[in-house]
Each structure stands twice: as structure tokens, then as C-alpha cells.
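Student: coordinates only, sequence not included:
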């Protein structure tokens, strides 16, 4: 395919998959349950954090976690008692366990009490066409509280050559505003042009088949290569193509 044919093909797939029906089978449904900005961004952050493995299990455990937080995540984060923290101590999703969960709750409380909230922290350290430094600095801020070293693995650092798939997916949810309201687009201090594609096995394999990516590993260098190509296709909204790449891989077996 020529560049124009490729863009036309992917644009058609974006329209197909960037559709409200997508919400029903995706963890993005969890932040869609809320109206309060802080509830949306906290539920989204926690849901994205556990977004690896079977999608049905991710959604099931994401909903379970929200239930443990009384379905009012911001209120729980800010006002929980020690006894209430015990209720999340038994939460497990793969290697994310109760100790990790309690640490994340305390980390989020620190973010809102001392750093003006999630959006404010991620909005710092933006570069011309990247949020990867912002993500790296966010991780430092998030773990300035007391924590076990093992818990740090649940937030990737792009400056360590990680593709940081889950954080980039979360940022897509919060920043990107589409016409059909799949992505929530509640953060206005970060432009969608700076977002990076949530690179995973599915999107990576499809991108390679389409000639958008040549690096074999799904790491930070691969993400930079893919982002560069997607920005050529659409400089203002490059990560809309995540819907096309993911949809082609998961739903069409491309």
C-alpha cells in the first residue's frame, strides 16, 4: 500500500472501532461509570494499572476493586480509615496484590493532597511531541511515599526503554476527546498530539505487518518508531490509530 492508501485503510478502521460498542468489551467502561472528574481519573488509573491478561478478567477485577472502594474512589482515597484499608488487602489481580493496592491508594492520596491531582502531575514535564518524560517523573512523585520496591513494577518508566503500554493507554483515555465519546477527554492541559500509542502484542504485530514498525521488541525504541509513523498520518490525533491497530489484531486476526 502507498502511504495514502494505508492512511485511508486505517482511517476506515478507526471509524469502525472508535465506536461506543467498543466500551462494552474494554476496561474503559469502568471510568465511564462515573461523573465526578476525580472519580473518573482515579478509577481509570487503577483500571489501567491492572490492564494486562484476559480482558474479561481485567474488567471483572476492575469492577471488584471499585466495589471495594465503595464505588466512590475519590472519597475513599481521601477519607479512608485504617479499617477500610483492610477491605482492599485481599485484592489480587495477577501479580498486583493487596499490598500493592494499599500502596496505590496511599500514593493517590499524596498526589491529591500535595500535588494538585493526577492531571497536574502528568501535565508537568511535557515535551514537544512526547509525554514519556512526564510519565517517568510521575512515577517518581507517585512513589515518594513509603513503599515496597516490588510495587514499583506496576508503573513503567519509559526512560528505562519501556513501552509503558498501560500508562499510555490511560493517558489516551483521559486526554483524547473523540466525537463518539469512547475516550473520555476530561484533561485539557495536555494536547492529544503528545500522546503515544499503547503498544502491545496486538498493535505491535499489526503495525509490523503494515510496515509501520520494524523493531521486533515491543519496547520504548519501538514505541518511538511507531509514534513517528502515526504522527505522519495524523499529527494532531496520532493515537486514534490505536483503535485501528488493536481492532485489526484482536477482532479481525489481521
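Tutor: The structure has been received and is ready for your questions. Remember, it's a predicted structure, so these values are computed and weren't measured experimentally.
Student: ranges for the helices of the chain?
Tutor: Secondary structure of the chain (DSSP state H): helices located at 3-17, 37-49, 55-68, 73-79, 82-86, 98-114, 118-123, 132-142, 165-175, 201-209, 220-233, 241-250.
Student: Of those helices, which shows the lowest average pLDDT?
Tutor: Lowest mean pLDDT of the helices of the chain: helix 82-86, a mean of 89.
Student: so how far is it from its chain's centroid?
Tutor: 27 Å (CA atoms, centre = their mean, to the nearest Å).
Student: center of the chain - which residue?
Tutor: residue 170 (2.1 Å; CA atoms, centre = their mean).
Student: Turn the helices of the chain into JSON lines, columns for distance to residue 29.
Tutor: C-beta: built from backbone N, CA, C; applies to glycine. Converted to JSON lines, those look like this (distance: least, CB to CB, whole Å):
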{"stretch": "helix 3-17", "distance to residue 29": "15"}
{"stretch": "helix 37-49", "distance to residue 29": "9"}
{"stretch": "helix 55-68", "distance to residue 29": "7"}
{"stretch": "helix 73-79", "distance to residue 29": "15"}
{"stretch": "helix 82-86", "distance to residue 29": "25"}
{"stretch": "helix 98-114", "distance to residue 29": "20"}
{"stretch": "helix 118-123", "distance to residue 29": "19"}
{"stretch": "helix 132-142", "distance to residue 29": "24"}
{"stretch": "helix 165-175", "distance to residue 29": "11"}
{"stretch": "helix 201-209", "distance to residue 29": "19"}
{"stretch": "helix 220-233", "distance to residue 29": "25"}
{"stretch": "helix 241-250", "distance to residue 29": "15"}
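Student: you'd agree residue 202 is up against residue 253?
Tutor: No: Residue 202 sits out of contact with residue 253 when judged by CB atoms under 8 Å, with a separation of 9.8 Å.
Student: So which of the two has more stuff around it?
Tutor: For residue 202 versus residue 253, the count of surrounding residues by other CB atoms under 10 Å is larger for residue 202: 18 against 8.
Student: residues near the closest residue to residue 153 other than its chain neighbours, how many?
Tutor: Of all residues not flanking residue 153 in the chain, residue 95 sits nearest, at 7.7 Å (CB to CB, 6 or more residues apart in numbering). Neighbourhood size, residue 95 [other CB under 10 Å]: 11.
Student: quick revisit: just give the nearest non-adjacent residue to the residue nearest to the centre of the chain, would you?
Tutor: residue 48 (3.7 Å).
Student: Now do the same contact list for that neighbour.
Tutor: 27, 166-167, 169-170, 173 (CB atoms under 8 Å, 6 or more residues apart in numbering).
Student: could you redo the last one with a cut-off of 10 Å?
Tutor: Taking CB atoms under 10 Å, 6 or more residues apart in numbering, we find residue 48 in contact with 27-28, 30-31, 58, 62, 165-174, 198.
Student: go on, residue 49?
Tutor: Residue 49 touches 62, 65, 93, 96, 100-101, 104, 154-155, 166-167, 170, counting by CB under 10 Å, 6+ apart.
Student: do that again at 8 Å, thanks
Tutor: 96, 104, 154-155, 166.
Student: Just among those residues, which is most surrounded?
Tutor: Neighbour-wise, those (other CB under 10 Å) top out at residue 104, 24 neighbours.
Student: Now do the same contact list for that one.
Tutor: 46, 49, 151, 154.
Student: The first one and residue 107, how far apart?
Tutor: Plainly put, residue 46 is 11 Å away from residue 107 if you go by CB to CB, to the nearest Å.
Student: Spit out the residues that contact those two alike.
Tutor: Common neighbours of residue 46 and residue 107 (CB under 8 Å, 6+ apart) do not exist.
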